[in-house]
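S.K.: Whatever this is, show me its structure:
(chains A, B, C and D)
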There are 2 protein chains.
Amino acid sequence: MPDATVRRLSAYLRQLEHLAAAGIAQVSSRQLSEYIRVGAAQVRRDLALFGQFGQPGRGYVVVNLIDHLRRILGTQQTWRVVLVGAGQLGHALLRYPGFAGRGFELVAAVDCDHRKAGKRVGGVAIRPLEDLEEIIRHTDARIAILTVPAAAAQDLANRLVEAGIEGILNFATPVLEVPQGVHMAHVDITAHLEQLSFRLVSNNIA
Amino acid sequence: MPDATVRRLSAYLRQLEHLAAAGIAQVSSRQLSEYIRVGAAQVRRDLALFGQFGQPGRGYVVVNLIDHLRRILGTQQTWRVVLVGAGQLGHALLRYPGFAGRGFELVAAVDCDHRKAGKRVGGVAIRPLEDLEEIIRHTDARIAILTVPAAAAQDLANRLVEAGIEGILNFATPVLEVPQGVHMAHVDITAHLEQLSFRLVSNNIA
DNA sequence: GTATGTGAAGTTATTCACAGCG
DNA sequence: CGCTGTGAATAACTTCACATAC
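M.R.: Residues are numbered from 1 along each chain as shown, chains lettered A, B, ... in the order given. As a prediction, this is how the structure comes out:
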């Protein structure tokens, strides 16, 4: 399934959640496409890849489409997620209220700094790094978020894979090597700023 | 210029910085392609869109290519960046050491909480929200990072655009509307987790 | 021998446009 | 009449393969 399509599904879902909160019951592909930067045909095509969710003449029922998208994305269930690295960014994620209700639950954080162990942040316990494997086994977490310094990232990724983690959201700088079958998502803040920079300088030319 | 290409340029640059730090002087498109998940021809094609940087038979000189990519991405110069929202995530970004040396400098942070004003985090002053426009004028910042609650994001984006900001890196949930000519980048953490979730559930089927 | 840069081929993604349904 | 879902057309991106340069 095209990567770009799956990314857009998330965008649709985000917008639909917003519409639902505003009490809007029906939406057409045209309306939905106006919020996202995408054509109306693209919206219909993306959705049609997974089934027929709309009513000709009426559009889509917002709460139905939300339900379908959650099922498609696999967030109808709740995923238990382990946070590796309880630094500044880790703390911010522990306090982030947007995971609950979208299918993700931080079940524990680990950090190599033993002084942090035992504390609770955002309702989540911080535990020593040594407990990592046991936590994963015990909680059945299949997804991990990695917020550690660049130098430690690859080693910890290896440990996560070894412990059975199947998806890693990496906030560290380096591109990590993981075996086939383990999925990576990478948030590179500098790269995003570089995209903006590029657009600003190429605007001046073209 | 294809969006995907520009994203890959950032990935190449990151890898090249890594190679340079390790003291490696030359690299071929094949070697570079092995780190990133991309074909060797793709690397050559991407680079060739901007000029001829390689030596047939030898590959690319690492430091030269870094220099070229920085010039292309516009990060040879240093961009002054304003941070809007000094919450948990904002604090993490203020302390992030990866901006310096990659062409970005946080010149100030603003927050609507007056108790935070006057403090310094990571060497950057936090100032009251009211000063936003003056800071932008005074520092000539053209890029802003937005780390505020969802409800406030659109209003602040409007203020940023009004004050002359041309690129916004948005960490808030909603997709923001900005006029033509203003560039947006969106970091949606939940969306990344949803990508992982999708890959995990679709693996079980296919 | 090795590796670039690039036409040409191949593949994938997006848009068009319309039949068919509500 | 409005809007979906989709075959057909178009556009965009990627890979192949090789002439050329070191």
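S.K.: Quick one: mean pLDDT for stretch A:130-141?
M.R.: Across stretch A:130-141, the average pLDDT comes to 98.
S.K.: then it to CSV, C-alphas only?
M.R.: This file holds the C-alpha atoms of stretch A:130-141, laid out as CSV (Å, rounded to 0.1, in the frame of the first residue of the first chain):
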residue,chain,number,x,y,z
GLU,A,130,18.1,-2.6,32.9
ASP,A,131,14.4,-3.3,33.2
LEU,A,132,13.7,-2.6,29.5
GLU,A,133,13.4,-6.3,28.3
GLU,A,134,11.3,-7.2,31.3
ILE,A,135,8.9,-4.3,30.7
ILE,A,136,8.5,-5.2,27.1
ARG,A,137,7.8,-8.8,28.0
HIS,A,138,5.5,-8.0,30.8
THR,A,139,3.4,-5.3,29.0
ASP,A,140,3.5,-7.0,25.5
ALA,A,141,4.5,-3.6,24.0
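S.K.: for DNA strand D, what are the nearby residues on chain A?
M.R.: A:28-30, A:40-41, A:44-45, A:47-48, A:52-60 (CB under 7 Å from any atom of the strand). (Glycine included, C-beta is placed from N, CA and C.)
S.K.: Is there a quick PyMOL command that grabs whichever of these are buried?
M.R.: Buried members of these, defined by 16 or more other CB atoms under 10 Å in any protein chain shown, are picked up in PyMOL with:
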select buried, chain A and resi 28+29+44+47+53+54+59+60
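S.K.: which secondary structure element contains residue A:13?
M.R.: helix A:3-21 (DSSP states H and E).
S.K.: Next, see if that helix gets close to chain B.
M.R.: Yes: residues of helix A:3-21 contacting chain B under CB under 8 Å from any CB of the partner chain: A:3, A:6, A:7, A:9, A:10, A:11, A:13, A:14, A:15, A:18.
S.K.: Show me what from chain A comes close to DNA strand C.
M.R.: Residues of chain A lying near DNA strand C (CB under 7 Å from any atom of the strand): A:2-5, A:38-39, A:41-42, A:44-45, A:55-58.
S.K.: Looking at those, which are in helices?
M.R.: A:3, A:4, A:5, A:41, A:42, A:44, A:45 (DSSP state H).
S.K.: and the gap between the last one and residue B:11?
M.R.: In this case it means residue A:45. To residue B:11, residue A:45 is 28 Å away according to CB to CB, to the nearest Å.
S.K.: Skipping adjacent residues, who's closest to residue A:67 in space?
M.R.: Leaving out its chain neighbours, the residue that sits closest to residue A:67 by CB to CB, 6 or more residues apart in numbering or on different chains is residue A:76, at 7.6 Å.
S.K.: What's the local residue count around residue A:2?
M.R.: Neighbours of residue A:2 under the rule other CB atoms under 10 Å in any protein chain shown: 9.
S.K.: Kindly apply the preceding question to residue A:194 instead.
M.R.: 28.
S.K.: Could you point out the longest strand of chain A?
M.R.: Identified as the longest strand of chain A according to DSSP state E is strand A:104-111.
S.K.: Counting by contacts, list what that one packs against.
M.R.: strand A:79-84, helix A:88-95, strand A:124-128, helix A:132-139, helix B:189-205 (3 or more CB pairs under 8 Å, 6 or more residues apart in numbering or on different chains; DSSP states H and E).
S.K.: for those, which one sits closest to residue B:102?
M.R.: Across the helices and strands packed on strand A:104-111, residue B:102 has its closest neighbour in helix A:88-95 (17.2 Å, CB to CB).
S.K.: what's the angle between that closest one and strand A:124-128?
M.R.: Taking axes from the mean of the first three to the mean of the last three CA atoms, to 10 degrees, one finds helix A:88-95 and strand A:124-128 inclined to each other by 140 degrees.
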